[in-house]
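In: Starting from these lines, generate the structure:
(2 chains)
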Amino acid sequence: MTTRLRENGADLTVLLVDDDEDFRRALAESLRDDGHTVHDFASPAAMPPASTFGRYSVMITDYRLRPEDGLALIERFQTAAPGKPAILVTSFANGAVERALASRQQTWLLEKPFDYEELRALIERVAH
Amino acid sequence: MPKKSDSGPGRPRRSERIRARPRRKEPETSTAKKGRTQPPAPSAIVESSGPPIVGIGASAGGLEALRALFAGMPADSGLAFVVVSHLAPDVRSLLAELISQQTPMRVVVAANGVEVEADHVYVAPPGRVLDIQQTERLTRDGTRRPVSIALTLIRDDRGTPQSIATIERDLAEARKREKRFEALIEAAPDAIIAVGENGEIALVNARAEAMFGWSRREMLGRPVEMLAPARLRAKHREHRDAYTAAPSIRPMGAGMELHALRKDGTEFPVEISLSPLEVEGGTVVLSAIRDVTALRRIEQELREAKAQLERRVEKGTASLAATTRRLRSEVDEHRRTADALSASEDLRLSILASMTARMAVLDGSGRIIAVNPAWEAVASSGRVPGAGIGTSFLDACERGDYGPVDETMAESMGAIRAVLAGERDEAMLEQPWDGPEGRRWFLMHAMPLKRPGGGLVLSYLDVTKRREAEAQVAVLEKLSQRHERLAEIGALMARVVHDLGNPVAALMMQTQLMLRRIERGEVSPSVTVSSARNVLATAERLDGLIKEFLTLAREPKAELTDVSLPRICTHLLEDWRPLAASRGIEVTLDSPAEFPTIRADPAKIERVVENVLKNALEAIGDAPGRVHFSLTVPDPGKVRIAIEDTGQGIPPGMDVFAPFETTKSAGTGLGMVIAKQFTEAHRGQITHAPGPHGGTMFTIELPIAGP
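Out: Residues are numbered from 1 along each chain as shown, chains lettered A, B, ... in the order given. Got it, this is the predicted structure:
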């Protein structure tokens, strides 16, 4: 896959976690097409160790994951990489999830299905 | 009990014999005493055996003779002389003087009651009777007897004295009486003290001596107050004066505690009774004194004993009261129990009478021998006269008296016969009864009578309401099942809509990416084909999701045929083996040569097995592994398919049969839901457990006979 520099010179390193293969592949391919580096994983268990979290610009994660859910994952990510933005993408958004996210700095929620343009705009806003 | 005192009055003490001892007064002391005491002590108690008296009477001319007589009379003759003359009163003292010139004897002008002493001359006052008391007469036989002598002048009409009369009284009887009186007093059990009007003690008895510790001599002539405690003496004097003014026989100090004083200064309680006694020379008061120390002590002891007894009685009464109360409460308790029992009997009777159940008692031959009001009411409204009593109930049933003889009636009659014959312990069944209010249902209950001759109690309880309620419940249950199903479908819908999010989002991104590339002019056949395949795959997944949802939502309707499980499994394995092999997964089947066919819907059974297989393959993932099928017949009625994988296993607490519970990255999350639904539609069971080789083993059991 060729890496292209976009006009604004964005070249983010994205940590992507989602157990839906179709969705993950489509999202990863779209992000790469925008010139970002994407490391994608089907489950938290498959993720690299926390010591590597610091090199990512942003984390995008599903909510419904096992064994730990997206919120726990975000907490783990931001503990290892303080101040780094994290985006929760889910079709299971509910009040509890929204409140949990609202209580954290640098976190955003995006509901599936979404327009990729939305995500692109969000990433460029929060990761720069 | 109070201790008995030796000196207690309750125990008579032997009196000392009191010696009746005549007191012979010494002339000296008598004289000395006379000077002190006025009036003289009552003669009644002053005993004197005085000297012989010589009485001489003389007229005016007898003076010379008197002078000559006394001149020649020795002064120590031992005689007493009493001279009575008729001289005028004014010469009285002269006579005494004239006589005294002739004799050394003492010449006294006598007064009434004077004591006569020997060697004295007593000159009577003129015009008076001289009463000489208690002297003695020397009788001819030489004995002496006590007498009193009164000497008086006898005058003529003109008042001229004519002679002297001597009146002599024999005192022997009086003296005897006195002695008896004194002996009586001495012997009295009480202390006796006589007190004169002047308050002096005139007489005491031996008992008084013993009681007060004073001797007779020490007490006589002294104020009686010496025997009273100092603090009471003034009061005693007042009381004594008052008593003397109005004497009567009475106890002293009625209602008062009286105390007396002993010589040794100790006090003791006494009871005193007073009685006045008229004697010559005045009134004396006799006091009978009783030491009541012992009595008081006994009274005190009695009081204490009484108090103690009262306390004991009180205590006893209290405990008696407690006992009574306890008994009373027990009685009440029993009464309540009895009341309750009788109430419950009444209750039972009234329950029997008011029972809406129709009841009849049949004897061993099936004849009705007793019925309750409910039975009677129904029987009399129908065509059974006299409630059927005395007739055979079963015969009446057969005649149709109790309704048409249909299947339930026949069954009911059979049951009654069986109970009557002792073949059944009891019988119960529900049967309809078409009455004027329409069809009603009754619970028939036949219970044998445990008595010689047998028989049974037959009851018909109207259970129409219960049956109606049951029917309502059944309707409600159906409704509720439908509601549950609708709710389930609603929940599924929501989940499906949610789950559509991923593939739809994927589709959108895939197409947007394709568009962006095309816009950029990056169009190459390989890239486009690859993108299009991704789009197609996602679309197919969406399609599968929707189809499965439809399958679930549709009412499962089984089309039953004879199904061979080995054949279905073999076909499935053939279909899936290439894909499994591409991931390094081995799929095997262990099936007996002879295997029973089952009644089932082959398409649905195939779906069940396929879903479990797909689940197993997905659980193993891309790693090499194995899925093993084995078909067995665990018991003659059913068959079993066990599907074991070497996958990651099912996390504890996860319900694989709930919609969208999945650990897998692919799949709809509905496969196992469908498998369970279809299995249960065949009245089968699907379960899972950890497999022997680390993964999971699903077990599907289906009845051979079908649903």
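In: neighbours around residue B:330, how many?
Out: Neighbour count for residue B:330, taken as other CB atoms under 10 Å in any protein chain shown: 10. All C-beta atoms are positioned from the backbone trio N, CA, C, and that covers glycine.
In: now swap in the one 3 residues further on and tell me
Out: When counting by other CB under 10 Å, one arrives at 10 neighbours for residue B:333.
In: what's the helix or strand for it?
Out: Assessed by DSSP states H and E, residue B:333 sits inside helix B:293-354.
In: which residue ranges form the strands in chain A?
Out: Secondary structure of chain A, counting by DSSP state E: strands at A:13-17, A:37-41, A:58-62, A:86-90, A:107-111.
In: just checking, what packs against the fourth one?
Out: Of the remaining helices and strands, those touching strand A:86-90 by 3 or more CB pairs under 8 Å, 6 or more residues apart in numbering or on different chains; DSSP states H and E are strand A:58-62, helix A:70-80, helix A:95-102, strand A:107-111, helix A:116-126.
In: any idea how far the last one is from the chain center?
Out: I take that to be helix A:116-126. Centre-to-centre, helix A:116-126 and its host chain are 11 Å apart (CA atoms, centre = their mean, to the nearest Å).
In: close to chain B, is the helix or strand of chain A with the lowest mean pLDDT?
Out: Ranked by mean pLDDT, DSSP states H and E, the helix or strand of chain A with the weakest confidence is helix A:95-102, at a mean of 82. No. Using CB under 8 Å from any CB of the partner chain, helix A:95-102 never reaches chain B; the gap is at least 12.9 Å.
In: neighbours around the residue in chain A that chain B sits nearest to, how many?
Out: Scanning chain A for the residue nearest chain B gives residue A:91, at 3.0 Å (criterion: CB to the nearest CB). By the criterion of other CB under 10 Å, residue A:91 has 22 neighbours.
In: And it, its phi and psi?
Out: Main-chain dihedrals, residue A:91, degrees, to the nearest 10: phi -100, psi 10.
In: which residue sits closest to it in space, ignoring its chain neighbours?
Out: residue B:501 (3.0 Å; CB to CB, 6 or more residues apart in numbering or on different chains).
In: Provide a list of residues in contact with the one you found.
Out: Residues near residue B:501 by CB atoms under 8 Å, 6 or more residues apart in numbering or on different chains: A:90, A:91, A:111, A:112, A:113.
In: Which of the residues you listed ranks first by neighbour count?
Out: residue A:112 (24 neighbours).
In: how about JSON lines for the contacts of residue B:501, with pLDDT added?
Out: Compiled in JSON lines, these are given as follows (pLDDT from 0 to 100):
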{"residue": "A:90", "pLDDT": "84"}
{"residue": "A:91", "pLDDT": "79"}
{"residue": "A:111", "pLDDT": "85"}
{"residue": "A:112", "pLDDT": "83"}
{"residue": "A:113", "pLDDT": "82"}
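In: Where does residue B:697 fall, secondary structure wise?
Out: Going by DSSP H and E, residue B:697 is in strand B:696-703.
In: Pretty sure the residue nearest to residue A:91 sits in a helix.
Out: Yes. Counting by DSSP: H, G, I helix; E, B strand; the rest coil, residue B:501 is part of a helix.
In: how close does it sit to residue A:26?
Out: Counting by CB to CB, to the nearest Å, the separation of residue B:501 from residue A:26 is 13 Å.
In: Then residue B:637?
Out: Taken as CB to CB, the span from residue B:637 to residue A:26 is 51 Å.
In: Tell me which of the two has more neighbours.
Out: residue A:26 (27 against 11).
In: so that one touches residue B:504, yeah?
Out: No. With contact defined as CB atoms under 8 Å, residue A:26 does not reach residue B:504; the gap is 10.6 Å.
In: quick one, what contacts residue B:259?
Out: Counting by CB under 8 Å, 6+ apart, residue B:259 has contacts B:228, B:229, B:232, B:267, B:268, B:269, B:270.
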